[in-house]
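Q: no sequence for this one, just the structure:
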């Protein structure tokens, strides 16, 4: 009986092997299936495993697609660049400058995409984010913002002296944030927008690769970041009719035209010129960014940031001198030297 069982088992195994042999796929099909399985395993590993393992190249990692520029870049102004570089060669000063004339595409780029402390220049993208949410009716201009103790900030602005529990409207806070650079108004707005994470996510979507809020205002340590290129890029997108509605753009330009600090870029402009702009000034950095329009109607976008030893006034003078060189080259002489 045992022998019969063993014989039956052996017979069964031989039958299974013969069956498998008969149903085995052709070599070509097996190779195709094996290759597909291998690719599937690699893709699965790239999806599920961490991307920061030492020595591991993630299939999911890739360079971000460069955003479409809201202006053309046709001619780098070499002579003007040389003149500006001559002014920038000062010990312990590091300057970043980006200028573009939208009608011609002529531009200057000196460390324009380098990161700098943003100081109060971060209030430009904060204002754009606020107006964007107003366009979608998420926020209303007459909406009340209550002053809370945790949002009161020193430095610029008078809202810090208002009683806790008092309020301002959104429109009033936006104007104070730009015109007098009120830090408490800025914190009220950031809180209303949903916090710095919401702002930073939109900045990345807009293509601002160097602009990020890390801390509330006042940011005396200079942790919040931006670059001259990012600021010009954002102003140009708004000016071109992207991001904001025409009504919001008009409000933005109206308040930026009232900026009270006029000691930087405006000092280099000629008679009759207009500028909408926002300055930034902390111990380690001073800067200014805006849109300049000459009496003749010619326009350019400009941002200048200068990193410096604590409160070194040479940096302020450098911004004024650079502004003067740019205005003279683009407006007064209207000379665009070829590269």
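A: Structure's in. What do you need? The shown structure was predicted, so the numbers you read here are calculated from the model rather than taken from an experiment.

Q: for residue 78, see how far away residue 251 is.
A: For residue 251, the distance to residue 78 equals 38 Å [Cβ to Cβ, to the nearest Å]. Quick note: C-beta positions are derived from backbone N, CA and C, even for glycine.

Q: quick one: which of those two has more around it?
A: residue 251 (20 against 12; other Cβ atoms under 10 Å).

Q: excluding its backbone neighbours, what's nearest that one?
A: Closest residue to residue 251 apart from its sequence neighbours, by Cβ to Cβ, 6 or more residues apart in numbering: residue 131 at 6.7 Å.

Q: my read is that neighbour is in a helix, agree?
A: Yes: Residue 131: assigned to a helix according to DSSP: H, G, I helix; E, B strand; the rest coil.

Q: going forward can the numbers begin at 59, since that is how I track them
A: Renumbered: residue one is now 59, and that last one reads residue 189.

Q: show me what contacts it?
A: Taking Cβ atoms under 8 Å, 6 or more residues apart in numbering, we find residue 189 in contact with 232, 302, 306-307, 309-310.

Q: show me the strands in the stretch 109-258 of the chain, by range?
A: Remark: strands assigned in the stretch 109-258 of the chain by DSSP state E, counting those that start in this stretch are 133-134, 152-159, 164-168, 174-175, 202-204, 225-227.

Q: how about the helices of the stretch 109-258 of the chain, start to end?
A: Listed in chain order, the helices of the stretch 109-258 of the chain (DSSP state H, counting those that start in this stretch) span 136-146, 181-193, 228-237, 241-251, 254-264.

Q: any idea what residue 159 is bridged to?
A: Beta bridges link residue 159 to residue 164 when assigned by DSSP bridges.

Q: ok, it to residue 294 distance?
A: Counting by Cβ to Cβ - residue 159 and residue 294 are separated by 11 Å.

Q: more crowded one of these two?
A: For residue 159 and residue 294, the more surrounded residue by other Cβ under 10 Å is residue 159, and the numbers stand at 25 against 17.

Q: pretty sure that one is touching residue 166, no?
A: No: between residue 159 and residue 166 there is no contact under Cβ atoms under 8 Å: 9.6 Å.

Q: next up, the contacts around the residue nearest the centre of the chain.
A: In the chain, the residue lying closest to the centroid (Cα atoms, centre = their mean) is residue 266, at 2.4 Å. By Cβ under 8 Å, 6+ apart, the residues touching residue 266 are 183, 284, 288, 291-292.
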